[in-house]
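**Student:** dropping a prediction and its sequence here:
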Amino acid sequence: MTHTYAITGMTCNGCRTSVEDKLNTVSGVLNATVDLEKAEALIEMSNFISISAFQKALSDKYSISEKNIFTPSEIKEKKSELKQLFPLFLIFGYITIASILINYRPWNGTGFMLDFMGLFYIVFSFFKLLDLKGFPESFEMYDPLAKVMPVYSWVYPFIELALGIMFLMRIQIPIALIITLAILGITTIGVTKTLLNKKTISCACLGTALKLPMTKATFIENSIMIVMAIIMLIKTCN
């Protein structure tokens, strides 16, 4: 995995060499190359390394920040946003249609939302579990809790799977709704921050099986689930 980072504070080749040498000493870095003119570092790593770890290796004179999380080959092959998000829209369409068919005769709005959320979690957890080793690396890029507690990113797909079963089987719905609001609320904070900072990173919503960019669609996807959870929680409490 190769990431590109912006480096500030370099004024000469001596600075460039110093930064490059220090970045190469960070555990997990396979190779770090620093470009003085572009003020950036291209870092190849064996596993996810936090910005704080890189910053700790550098002196206070230099500052490092995320620039993009796509490899050069991925940037060249970048398709239109709509085309990249087609798998996400297709999955949402299937989940919506399936939920309607289950509840249309007679129409049951409550059942529709519960089945939609259940199928959402089951399908999305499936894609995450396809590459359980790769998912945490992507998820930790933007989820606030996963950044400070890496084990959370490993457990997250199983939390989604459990919630999917709970919604479909109508088990402890209030608890499932509260957990939904908590985990998706945390993730949405990270997604919003990423979008506001205009960072180009991969979305881990469908694991690593399908490479999707972090876009407004990711925010909308989480927001739909949060709104449904709030509506269902209000209905449950009344």
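**Tutor:** Noted; the coordinates are in hand. Numbers count the residues shown, from 1 in each chain.

**Student:** where does pLDDT dip in the chain?
**Tutor:** 1, 68-82, 198-202, 207-215 (pLDDT under 70).

**Student:** what packs against the lengthiest helix in it?
**Tutor:** The longest helix of the chain (DSSP state H) is helix 173-196. On a contact count with 3 or more C-beta pairs under 8 Å, 6 or more residues apart in numbering; DSSP states H and E, helix 173-196 meets helix 144-148, helix 150-169, helix 216-237. C-beta coordinates here come from the backbone N, C-alpha and C atoms, glycine included.

**Student:** and L42, its phi and psi?
**Tutor:** Phi and psi for L42, reported as degrees, to the nearest 10, are phi -100, psi 110.

**Student:** apologies, that question was intended for L36.
**Tutor:** Dihedral angles (degrees, to the nearest 10) for L36: phi -70, psi -40.

**Student:** count the residues that sit near it.
**Tutor:** Using other C-beta atoms under 10 Å, L36 has 17 neighbouring residues.

**Student:** for it, give me its contacts.
**Tutor:** L36 sits next to M10, C12, N13, C15, R16 when contact means C-beta atoms under 8 Å, 6 or more residues apart in numbering.

**Student:** name the nearest of those relative to I231.
**Tutor:** M10 (52.2 Å; C-beta to C-beta).

**Student:** quick check on that closest one: phi, psi?
**Tutor:** Per-residue torsions, M10: phi -80, psi 130 (degrees, to the nearest 10).

**Student:** which one in this protein is furthest away from the centre?
**Tutor:** Distance from the C-alpha centroid of the chain, by C-alpha atoms, centre = their mean, peaks at P106 (37.4 Å).

**Student:** who's in contact with stretch 91-99?
**Tutor:** Residues contacting stretch 91-99 (C-beta under 8 Å, 6+ apart): F112, M113, D115, F116, L119, F120, V123, F124, L206, E221.

**Student:** hmm, 7 Å instead?
**Tutor:** Residues from elsewhere that reach stretch 91-99 (C-beta atoms under 7 Å, 6 or more residues apart in numbering): F112, D115, F116, L119, F120, V123.

**Student:** ok, stretch 217-234 next?
**Tutor:** By C-beta under 7 Å, 6+ apart, stretch 217-234 touches 85, 88, 113-114, 116-117, 120, 174, 177, 180-181, 184-185, 187-188, 191-192, 195, 203, 205.

**Student:** whichever of those end up buried, select them in PyMOL.
**Tutor:** The following PyMOL line selects those of these that are buried, judged by 16 or more other C-beta atoms under 10 Å:
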select buried, resi 85+88+113+114+116+117+120+177+180+184+187+188+191+203+205
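
**Student:** redo the helices and strands packed on helix 173-196 as CSV? Include mean neighbour count and distance to I49.
**Tutor:** Below are the helices and strands packed on helix 173-196 laid out as CSV (neighbours: other C-beta atoms under 10 Å; distance: least, C-beta to C-beta, whole Å):
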stretch, mean neighbour count, distance to I49
helix 144-148, 17, 12
helix 150-169, 18, 12
helix 216-237, 16, 23
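
**Student:** quick check: can you list the domain ranges of this protein?
**Tutor:** 2-68, 81-237 (automatic domain parsing).
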